[in-house]
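[1] One predicted model, sequence on top.
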Amino acid sequence: RKNSVYELGDEGGDHYDGQLNRMSILTQNVDGLHRKATTQHVTELHGRNDRVRCMQCGAYQSRYDFHDELEAMNEGWMNDASSIEEVGGNNDDVDGTSKTSREQLLRPDGDAYINRDDYDAISIPPCQSCQKGFVKPDVVFFGDSVPRHVVDRCYGAINACDGLLCIGSSLAVHSAYRFVLAASKGDIPIAILNVGETRAEVSGLELLKVEAPSGPTLAALVRLFEHT
């Protein structure tokens, strides 16, 4: 606990260094913003949306490179799909939103709206490594399981910590809530910063609740530390 650090390796390799206290971040987000902010000791519980993984050999590839390859192999299909969208662009939907503006939006999973239902002619690039397997975004979709080594790393961080702070999560999904349960069973202090009741409160866990929006609250906390 105190004066021990649980180092989080990329694919395992976790260890204690036994010297300084540091913060480990367990995130449910797949957008990679923690890495872009150069935050250290981050475990992305539900994966990363910026890369794809081969379902046969396990090799990783940049999702952007895969998109480029996919587009190059299906240039004709893409041109046809764009033509269909332009034809339908002048028609307004029942909600008053034009098809063009709607189709230019991205879905929550990062996919785009495409006004075409025929996908049989699309060619799918194989894995660049084994040339056999198919790839999928390296994220945990609903119904998938979090990789065992990621779960173990998260439990290791919980067991090594002095306290757990949950920020901006209802904890409705068990894949994250189980670590709160583990902290509670280990008598590790729990604090929650969130608007609205969380699963931990419904379950009656002992915790400190801060009922406030996470963005403004954390920004105010940073300003406080900067002036102390």
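    Thanks, I have the structure now.
[2] Just the pLDDT for the residue nearest the centre of the chain.
    With distances taken as Cα atoms, centre = their mean, Val30 lies nearest the centre of the chain, 1.9 Å away. On the pLDDT scale, Val30 is placed at 93.
[3] Please name the strands paired to the helix or strand hosting Val210 in the sheet, noting orientation.
    Here Val210 sits within strand 208-211, counting by DSSP states H and E. The pairing partners recorded for strand 208-211 under DSSP bridges are strand 190-194 (parallel).
[4] residues of the strand it pairs with that come out buried?
    Of all the residues in strand 190-194, those buried under the rule 16 or more other Cβ atoms under 10 Å are Ile190, Ile192, Leu193, Asn194. For glycine as for every other residue, the C-beta is placed from the backbone atoms N, C-alpha and C.
[5] now the residues you listed as a markdown table including distance to Gly58 and pLDDT?
    Formatted as a markdown table, the buried residues of strand 190-194 follow (distance: Cβ to Cβ, whole Å; pLDDT from 0 to 100):
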| residue | distance to Gly58 | pLDDT |
| --- | --- | --- |
| Ile190 | 35 | 97 |
| Ile192 | 36 | 97 |
| Leu193 | 36 | 96 |
| Asn194 | 35 | 96 |
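[6] Make JSON lines out of the residues you listed and add distance to Leu224.
    Converted to JSON lines, these look like this (distance: Cβ to Cβ, whole Å):
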{"residue": "Ile190", "distance to Leu224": "22"}
{"residue": "Ile192", "distance to Leu224": "19"}
{"residue": "Leu193", "distance to Leu224": "14"}
{"residue": "Asn194", "distance to Leu224": "20"}
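[7] which stretches of the protein form helices?
    Applying DSSP state H to the chain gives helices spanning 33-36, 63-73, 75-88, 99-103, 148-160, 174-185, 199-202, 214-226.
[8] Good, wrapping up.
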